[in-house]
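[1] A structural model of the following input is requested.
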Amino acid sequence: MLPKIFKPFKSNINNLIRIGPKKDGGYVIDKRVIKKTNKIISCGLNDDWEFEKEFLKINQKCKIIAYDHTVDKRFWVKRFKKDIISLLLFKKLRLEKILDVFKYIGYLKFFKDGNKHLIKKVVNNERKKKEISIKNILKNQSNLILKIDIEGDEYKILEHVNKEFLKINLFIIEFHNIHKNLNKIKNFIKKTKFKIIHIHGNNYGGINKNKDPKVVEMTFINSKKFKTSKDKSNFNYPIIGLDYKNLKRRADIELKFHE
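    Numbering: from 1, shown residues only. Okay, the predicted model is just below:
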């Protein structure tokens, strides 16, 4: 079972909306933040910007700034070779496989006209040229959605995210190896003024011996900007119609919380 403190606060089901695909890369947010957000800052990009792409269809005035030091020229060359081989070996041509080959074109098309991808590693303290601190990322920002998926480095920047609370409407984060970092997550939740409004177990990461997910996706809302309940949610997680399996061929993870 997950700690009780991980359980989201009660939300009006009509306020919750999934943005992005019905698979890995989609996240549940509160629709009230959409029109009040002028920028999404995504820390961790890889080859998936479907959340950001769909968000812009609803709020066309929003801009996207992404940071990921791993998505460089070598990344795209390696990916292109892999996709070509996969396409040639696949007996039945599927549209998804064909489109994968042209992913780089979609990347170039999306990251223009104000949307930017910066090839920098997100860190707590900058020491190298290709690093940027979360402090500098959030400098002079306001009314933003902060999305973090940086493969374990998220624990290094949580304290500063708390300090920049007033700038952030909504905070989406993937916590990795939670069985090893429970105290860090609990301390963050206890100190923060953000409130959890959604949680989902990412089945890519698998489960531990207690059948709890090793990776969870959490959505936090700014409780000073948006009215939130004082009561805990009575939803079952995953929520039918909002949550979908990250990895389709593996069962989704049913979440249980300590009372």
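
[2] tell me the mean pLDDT over the helix or strand containing F188?
    Taking DSSP states H and E as the definition, one finds F188 inside helix 182-191. Averaging pLDDT along helix 182-191 yields 96.

[3] For that helix, name the packing helices and strands.
    helix 158-163 (3 or more C-beta pairs under 8 Å, 6 or more residues apart in numbering; DSSP states H and E). All C-beta spots, glycine's among them, are computed from the backbone N, C-alpha and C.

[4] And the next helix or strand past the helix or strand bottoming out on mean pLDDT in the chain?
    Among the helical and strand segments of the chain, the one scoring lowest on mean pLDDT, DSSP states H and E is helix 95-101, with a mean of 63. Next helix or strand after helix 95-101 toward the C-terminus (DSSP H and E): helix 103-110.

[5] Extract the C-alpha set from that following helix and format it as CSV.
    What follows is helix 103-110, C-alpha atoms only, in CSV (Å, rounded to 0.1, in the frame of the first residue of the first chain):
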residue,chain,number,x,y,z
LYS,A,103,9.2,12.0,-35.9
TYR,A,104,12.1,14.4,-36.4
ILE,A,105,10.1,16.4,-38.9
GLY,A,106,7.3,16.7,-36.4
TYR,A,107,9.8,17.8,-33.8
LEU,A,108,11.1,20.6,-36.0
LYS,A,109,7.6,21.7,-36.9
PHE,A,110,6.5,21.8,-33.2
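
[6] who touches it?
    The contact list for helix 103-110 (C-beta atoms under 8 Å, 6 or more residues apart in numbering) reads D47, W49, E52, K53, I64, W76, R79, F80, D83, L99, H117.

[7] now these as CSV including distance to V28 and neighbour count?
    Listed next are the contacts of helix 103-110 as CSV, based on distance: C-beta to C-beta, whole Å; neighbours: other C-beta atoms under 10 Å:
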residue, distance to V28, neighbour count
D47, 22, 17
W49, 18, 23
E52, 15, 24
K53, 17, 17
I64, 19, 23
W76, 30, 15
R79, 28, 17
F80, 32, 15
D83, 29, 19
L99, 25, 12
H117, 24, 19
